[in-house]
Each structure stands twice: as C-alpha cells, then as structure tokens.
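Asks: Quick one, structure for this:
(one chain, ligands or ions: 1)
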Amino acid sequence: MESVLFVCSGNTCRSVMAEALLRKRLQEGGPAGPAADLAARVASAGLHASEGAPATEPTRQVLRERGVELADQRARRLRPEMVAQADWIVAMTADLRDEIRRRHPEKADRIVTLLEVAGSAGPGGSPDVPDPYGLPLEHYRQTADLLEAALPGLISFLERGRKERVRMQVAVGSDHAGYPLKEAVVGLLKEMGLSYRDFGTTSEASVDYPDFGRAVAEAVARGEYERGIVICGTGIGMSIVANKVPGVRAALCHEPYSARMSRLHNDANVLAMGGRIVGPALAREVARAFLETDFEGGRHQRRLEKIAALEREREGGNRP
Ligand SMILES: O=P(O)(O)OC[C@H]1O[C@@H](O)[C@H](O)[C@@H]1O
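Replies: Numbering: from 1, shown residues only. Reported below is the predicted structural model:
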C-alpha cells in the first residue's frame, strides 16, 4: 500500500492535523486490511519547518476535540530522503506543491495537493487548505473540517491503485528526420488508449531537434506528462538535449530489452529513438516496452538519488 507524506509550511498546524486525522480514520477502519497497513505509513513535514518545534496549542486542542491526543509531536523539515521514501507527497497548497516539485523534479508526478487528489476545494473554491497559524481557534476548526472532508477522497485515491488511477500522459516530439516514426508512435499511443500531446514537428521540412526535444523534456520535468518520447535521425541529439533538463532521465533505445531495463533500473522518463535507425514495427515494440514497464525501486532508488544530488549541485553552480 502506498505511503503518504503531508507537507505544509511549518509542520505545526495543517500537516500535523492531516496526519493525525488520517491515522485516526484509518485506524477506525479496523485493524486488518489495507487501511491498517496505510496507518503505519502516514507522516508529515514542513517545507520551512523549524526543526523540533511542537504543534501549536490550537492544533492540539482541535485534535483533542476530535478524539486525537497528540503525543510528542515535533516539527520536521522536509528532507530529500523523506521525498524519496514517500509514495505520495501531499502538499497543503498549490504553491507548496510547485516549490517541492521544483526542488525534486525527479518525483514531480508524485507531488500533489490534498484537495486536487481528493476532488474537493477550499473556501471560495480555492485549491488550498488555508493556514490557520496565528488566527483564532475557529480558523483551526474550519481547517480541520476541510481536512476531514477531504480525507475520504484521498483514501480512495490511494487505494485505487496506480495503474487504474493514472491514464499515463505522454509527451511526444521529433524533428524532420524523426517525423515519420513519430507518426507510428502516435498510432501506438492511440491503440493503447493513452492520452498524449504531440509537441511537433508537423512535417519533414528541416527543423532543429533541440527545439522539440527541449519542449518535451521540460514538460516531463514539470510533471505535466509522466513520460516523453523524442525522435530525431539517430536519437542521439534528442537524448543529449533531453538529458540536459534536470529531472529528466532520457534513454536512447533501439531494441525492447534496453527500453525495459531503462524503466526497471533507471526509471527513465524519456525515451529517445532514431527514425533513421529503426523502422516503425521495432519502434512500436520499443515504445511499448518503455510505456508498460514499472520502475523496480530498491537499490536503484539509491542510485537515482545520487543522480538527483548531482543535478542539485550543478544547479547550485558547483563545479568539479
Ligand atoms: O536532416 P539533417 O539536417 O541532415 O540531419 C539531422 C539529423 O542528424 C542528427 O543531427 C540528428 O539525428 C538529426 O535528426
């Protein structure tokens, strides 16, 4: 069962309430079954938390009113290993979600807001759970009400299962040399019933592959698409471009075994192919292997973390 990490700003109000209320609800669901399993996998943190700060008194009081006595709850600042370990990072606001995605582009598709996955909305239709910090107790109660109302939607989102829930969104792009093969790949996506966006090009008139490879890679890195497929003459130029974008792990593959391994071991999120290397039948096999294989995790996760750390160091301007 998938784990969830609630994130707010200080980890003294909203995410603490969300964690406690979700645990309570799951425990009430009974000791056996998936709900009980999930109860052990609910945590919280704050993007700007002051490490070790206790939950605010109104938070404790509002939880007490709902039958939850907080033990020695202490704020934790969101750390990369927490993000790596959680299946879902559930932010309280869209701004928080976007900032966490910016810091962890490798996990962008797993960073969401509570209200978007729960299918509910805040006051006035807002996508955010408002911050009650420093406000009268009544605001804390309203926040807790909003959280409690959103929890059933979150639980069913978590229980629905990844394959069922996500109709994979695929971004595709090519230059002129990859255009005919892109058309074959788009045909496969349609057959597979996957939603996609074609970033172009739209003909065999000569264009520059970096323009199209970059557009696809950046869209994947922003989390707008779960996977990307980029095609030029050899696939080499496209793979070079895509791998320049932090958060993208592009794999140049011309047979299904590599495509499968790129998912199992490398969690590749972009596939590059050469339209002058492979024909449509083989390209479809390669693309299918890439799209149908899940990341294995385990020891490979540790290696991806090292790649992400390298990207962060370079973003910070450090040179070897
Ligand atoms: O069609 P021309 O411009 O000759 O060659 C472009 C291709 O050559 C390589 O750089 C890329 O693979 C690109 O698709």
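Asks: List the buried residues of the helix or strand hosting residue 138.
Replies: Using DSSP states H and E, residue 138 sits within helix 137-160. Across helix 137-160, burial judged by 16 or more other Cβ atoms under 10 Å covers 139-144, 146-148, 150-151, 153-155, 157-158. Glycine gets a C-beta too; all of them are placed from N, C-alpha and C.
Asks: name the helices or strands packed onto that helix?
Replies: helix 14-28, helix 33-39, helix 57-65, helix 114-118 (3 or more Cβ pairs under 8 Å, 6 or more residues apart in numbering; DSSP states H and E).
Asks: Which residue lies closest in space to the residue lying farthest from the centre of the chain, excluding its sequence neighbours?
Replies: Of all residues in the chain, residue 205 has its C-alpha farthest from the mean position, at 35.8 Å, by Cα atoms, centre = their mean. Spatial nearest neighbour of residue 205, chain neighbours left out: residue 176 (5.9 Å); criterion: Cβ to Cβ, 6 or more residues apart in numbering.
Asks: Who are the contact partners of the one you found?
Replies: 201, 203, 204, 205, 206, 207 (Cβ atoms under 8 Å, 6 or more residues apart in numbering).
Asks: Just name the closest of those to the ligand, please.
Replies: The ligand lies nearest to residue 206 out of these, by Cβ to the nearest ligand atom, at 5.6 Å.
Asks: I'd say residue 181 and residue 231 touch.
Replies: Yes - using Cβ atoms under 8 Å, residue 181 makes contact with residue 231 at a distance of 5.1 Å.
Asks: Those two: who's more crowded?
Replies: The neighbour count for residue 181 versus residue 231, taken as other Cβ atoms under 10 Å, is higher for residue 231 (34 against 27).
Asks: Ignoring the adjacent residues along the chain, who's closest to residue 10?
Replies: residue 46 (4.7 Å).
Asks: nope, residue 249 is what I meant
Replies: Looking at residue 249 with Cβ to Cβ, 6+ apart, the closest residue is residue 268, at 4.8 Å.
Asks: Point out where the stretch 201-320 of the chain drops to low pLDDT.
Replies: 316-320 (pLDDT under 70).
Asks: Quick check: residues of it near the ligand?
Replies: 206, 209, 232, 233, 234, 237 (Cβ under 6 Å from any ligand atom).
Asks: separation between the last one and residue 210?
Replies: What that stands for is residue 237. According to Cβ to Cβ, to the nearest Å, residue 237 stands 7 Å off from residue 210.
Asks: want to try JSON lines for the contacts of residue 176, with secondary structure as columns?
Replies: Output for the contacts of residue 176, formatted as JSON lines (DSSP: H, G, I helix; E, B strand; the rest coil):
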{"residue": "201", "secondary structure": "coil"}
{"residue": "203", "secondary structure": "coil"}
{"residue": "204", "secondary structure": "coil"}
{"residue": "205", "secondary structure": "coil"}
{"residue": "206", "secondary structure": "coil"}
{"residue": "207", "secondary structure": "coil"}
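Asks: That concludes my questions; thank you for your assistance.
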